[in-house]
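J.: What shape does this take:
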Amino acid sequence: MSAERARGFTLLEMVVTLVLLAVAIPAIIGLVAQIGGRSAAPVLHTQALYLAEGYLEEALLKPFADPDGVNEGCAASRTLWDDVGDFACLATPAVPTDPAGNSLPGLSRYRVSATVGPATVVGGATTRRVEIRVTHLDGGIDLRLAGLRAQY
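T.: Modelled structure (predicted):
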C-alpha cells in the first residue's frame, strides 16, 4: 500500500502548484516587459555622451585666440572655425553634424548646442569655459559636458 501512495501527486499538491504558477508567471512577465521597455535608454545616453565628447574635443583642440585675426562668422563651415570662440556659433540647438556639415546617420533626433564663456583667470591661467549640451527630441536626455581651454 505504501508503494501505491508514493506515485503521483495529490490534488492538494496540484492546486498549490497551479496557484504559485498563477502568481509567479505574471510577475516575471511584468519584470521582463519593464526591463525591455527601458533597454533603449542606456544606448541613447551613450550616444549623447559620445556626441558631447566629440564636439567638446573638437572645440578644445582649437587655439585659444583667433590665429589669423579674421572673424569667419557663423555662416562659415565648421572646418573654417579656427579658434575656440567660434563655437559660440552653436548657441542655437541644431542637428549634429561632422565638421564638414554632413549629417550623422541615425542621430537626427539629437540636438547639440554650445556655450563659450569669456576669458577669465582660473588658477593663474587665462581660460575660456566651453559647454556642450546634447538633448534628445523624445525627452529624457539633457546632457551637459564642459571643459576649460587655457591660453598657453
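J.: so what's the residue most central in space within the chain up against?
T.: With distances taken as C-alpha atoms, centre = their mean, residue 48 lies nearest the centre of the chain, 2.3 Å away. By C-beta atoms under 8 Å, 6 or more residues apart in numbering, the contact list for residue 48 reads 110, 134, 135, 136, 141, 143. Placement of C-beta: from N, CA and C, glycine included.
J.: So which of the residues you listed is surrounded by the most neighbours?
T.: Among the contacts of residue 48, residue 134 has the most neighbours (other C-beta atoms under 10 Å), with 26 neighbours.
J.: Who does the helix or strand that contains it pair with, and is each partner parallel or antiparallel?
T.: Following DSSP states H and E, one finds residue 134 within strand 125-136. Each strand paired with strand 125-136, and its direction, by DSSP bridges: strand 110-116 (antiparallel), strand 120-122 (antiparallel), strand 142-150 (antiparallel).
J.: Name the surrounding residues that touch stretch 65-73.
T.: 80, 81, 82, 83, 85, 86, 89, 151.
J.: could you dump stretch 143-152 to CSV, C-alpha only?
T.: The C-alpha trace of stretch 143-152 is given here as CSV (Å, rounded to 0.1, in the frame of the first residue of the first chain):
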residue,chain,number,x,y,z
LEU,A,143,23.4,66.1,-21.1
ARG,A,144,25.9,68.9,-20.5
LEU,A,145,29.7,68.5,-20.8
ALA,A,146,32.1,71.3,-20.1
GLY,A,147,35.8,71.9,-20.3
LEU,A,148,38.3,74.8,-20.0
ARG,A,149,40.6,75.9,-22.8
ALA,A,150,43.7,77.6,-21.4
GLN,A,151,45.8,80.2,-23.2
TYR,A,152,49.4,79.0,-23.3
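J.: Show residues contacting that stretch.
T.: 45, 48-49, 52-53, 56, 59-60, 62, 64-65, 84, 119, 122, 125-135.
J.: switch to 6 Å and redo it
T.: 48, 52, 56, 60, 64, 84, 125-134 (C-beta atoms under 6 Å, 6 or more residues apart in numbering).
J.: Longest helix of this protein, counting residues only.
T.: helix 11-37 (DSSP state H).
J.: ok so, going back, turn the contacts of stretch 65-73 into a markdown table, columns for distance to residue 17 and pLDDT.
T.: What follows is the contacts of stretch 65-73, written out as a markdown table (distance: C-beta to C-beta, whole Å; pLDDT from 0 to 100):
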| residue | distance to residue 17 | pLDDT |
| --- | --- | --- |
| 80 | 73 | 88 |
| 81 | 70 | 90 |
| 82 | 74 | 90 |
| 83 | 73 | 92 |
| 85 | 72 | 92 |
| 86 | 70 | 92 |
| 89 | 68 | 91 |
| 151 | 75 | 91 |
